[in-house]
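K.L.:
quick one, structure for this:
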Amino acid sequence: MPPVAPTLKDVALMAGVSEITVSRVVRNKGPISSDTRLRVTAAIDALGYVPNRAAGSLASAGAPLIGVLLPSLSNIVFPEVLRGIQAALASTNYQSLVGVTEYDPVVEQHIVSSLLAWKPAALIMTGFDHTDATRMMLAKHDVRVAELMDIDAEPIDIAVGLSHRRAGYDSGRHLIQRGYRRFGYVGHDWDADRRARRRYNGLCAALAEAGLSLTAESRSPHASSTRAGKETLKALLLDAPKLDVVVFSNDDMAIGGFFHCLEAGISVKEELALFGFNGLAIGQDLPKPLSTVRSNRFLIGKTAVERLLGAAETSDHRRVIDTGYEIVEGATA
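P.N.:
Model (predicted):
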């Protein structure tokens, strides 16, 4: 049987207030004391309650909805995923509603609550890092869920993507087989991007298996960017100038590293090899095409929609769809 969604009455009973008070808190209308508001919002989070805004509105007007939550639209990785989603939806009567979380689970929680209020047919999310309140809401509502980009944890419903730990491990094995021994690592904020940390762990596992370890490493406290990659590699090489190869958390960071090498007169590959992750087109347009791992981002988005709108699957039959990856030899490592 599908889960029974909590009602406004359930929230009122738990918070010890009237249904009208709960309604005012939800709609942010009328004078409400801070203590009452806190009790009501705590009950909402505990029960996983979301208001129904669909009645007589968009969702009942012949436009079935798919909610899509992406961490960023400035990172080209996620617009490519969105293109795959839109391509799969093009032949259906479904429309997407897109929210951007900026890698913040609390922001994701608020967007999930807003999207569930429209009674979507499914939600497409990124990764497995959700707040307890988000998981409670999803558990209480009969909605299909696809978690994208990662398959290294247990999905709520279906997961579509790749194993980042295995991608990191295979990157390490590839570089070891090419003769590199003095490894450096340049990364970005792991709190915002847990998948980068899984790749790092996989890389370290491959090195340890070969009796090696990272000679030097440095992480920018900021989000991934070419500037962060350039500045972080510069700082790393001041401390460890004799590295053979530097593995970057992604292509944005690696492209910044390439720019630093150009500026510093370092011959890429001959003096210092560079290796990225994602397989961005811009990395392949560098004077020396970037050595990297290409993820199948368009396929991830397209496959998620096809599986969500295909045969019914429930949380009792969790599915993991591995879209794989490809090591791109390039010319920088």
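
K.L.:
secondary structure class for residue 247?
P.N.:
strand (DSSP: H, G, I helix; E, B strand; the rest coil).

K.L.:
give me the number of residues near the residue nearest to it when sequence neighbours are not counted?
P.N.:
Nearest non-adjacent residue to residue 247, counting by C-beta to C-beta, 6 or more residues apart in numbering: residue 275, 4.9 Å away. Quick note: C-beta positions are derived from backbone N, CA and C, even for glycine. As a burial measure, residue 275 scores 29 neighbours (other C-beta atoms under 10 Å).

K.L.:
isn't residue 275 up against residue 328?
P.N.:
No - look at residue 275 against residue 328 with C-beta atoms under 8 Å: they stay out of range, at 9.7 Å.

K.L.:
what's the overlap in contacts for the two?
P.N.:
Residues touching both residue 275 and residue 328 (C-beta atoms under 8 Å, 6 or more residues apart in numbering): 290-292.

K.L.:
which helix or which strand is home to residue 159?
P.N.:
Secondary structure from DSSP states H and E places residue 159 in strand 158-162.

K.L.:
quick one: buried residues of that strand?
P.N.:
158-162 (16 or more other C-beta atoms under 10 Å).

K.L.:
ditto for stretch 284-304
P.N.:
For stretch 284-304, using 16+ other C-beta under 10 Å, the buried residues are 284, 286, 288, 290-304.

K.L.:
helices along this protein, start to end?
P.N.:
Here the chain has its helices, by DSSP state H, at 8-15, 19-27, 34-47, 77-89, 105-116, 132-140, 164-177, 194-209, 226-239, 251-264, 281-284, 297-308.

K.L.:
and the ones you listed, which one averages the lowest pLDDT?
P.N.:
Note on the helices of the chain: lowest mean pLDDT is at helix 19-27, with a mean of 76.

K.L.:
okay, now the sheet partners of the strand holding residue 159, with direction.
P.N.:
strand 144-150 (parallel), strand 319-322 (parallel) (DSSP bridges).

K.L.:
nearest to residue 263, out of those?
P.N.:
Checking the strands paired with strand 158-162 against residue 263 by C-beta to C-beta gives strand 144-150 as the closest, at 32.4 Å.

K.L.:
care to break the chain down by domain?
P.N.:
1-49, 54-162+298-323, 164-295 (automatic domain parsing).

K.L.:
can I get those in TSV including distance to residue 333?
P.N.:
Listed next are the domains of the chain as TSV, based on distance: least, C-beta to C-beta, whole Å:
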stretch	distance to residue 333
domain 1-49	47
domain 54-162+298-323	20
domain 164-295	4
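
K.L.:
closest to residue 332 out of these?
P.N.:
Using C-beta to C-beta, the nearest of the domains of the chain to residue 332 is domain 164-295, at 4.4 Å.

K.L.:
measure the closest one end to end?
P.N.:
Chord length of domain 164-295, first to last residue, is 10 Å (C-alpha to C-alpha, to the nearest Å).

K.L.:
and for stretch 112-132?
P.N.:
12 Å.

K.L.:
circling back: let me know the closest of the buried residues of strand 158-162 to residue 191.
P.N.:
residue 161 (19.9 Å).

K.L.:
wait, the closest one sits on residue 299?
P.N.:
No - judged on C-beta under 8 Å, residue 161 makes no contact with residue 299 at a distance of 9.7 Å.

K.L.:
pull up the overlap in contacts between the two.
P.N.:
residue 323.

K.L.:
so who does the residue lying closest to residue 250 once chain neighbours are set aside touch?
P.N.:
Closest residue in space to residue 250, ignoring its immediate chain neighbours: residue 277 at 4.8 Å, by C-beta to C-beta, 6+ apart. Counting by C-beta under 8 Å, 6+ apart, residue 277 touches 167, 171, 196, 199, 248-251, 254, 292-293, 295.

K.L.:
that'll do, ta.
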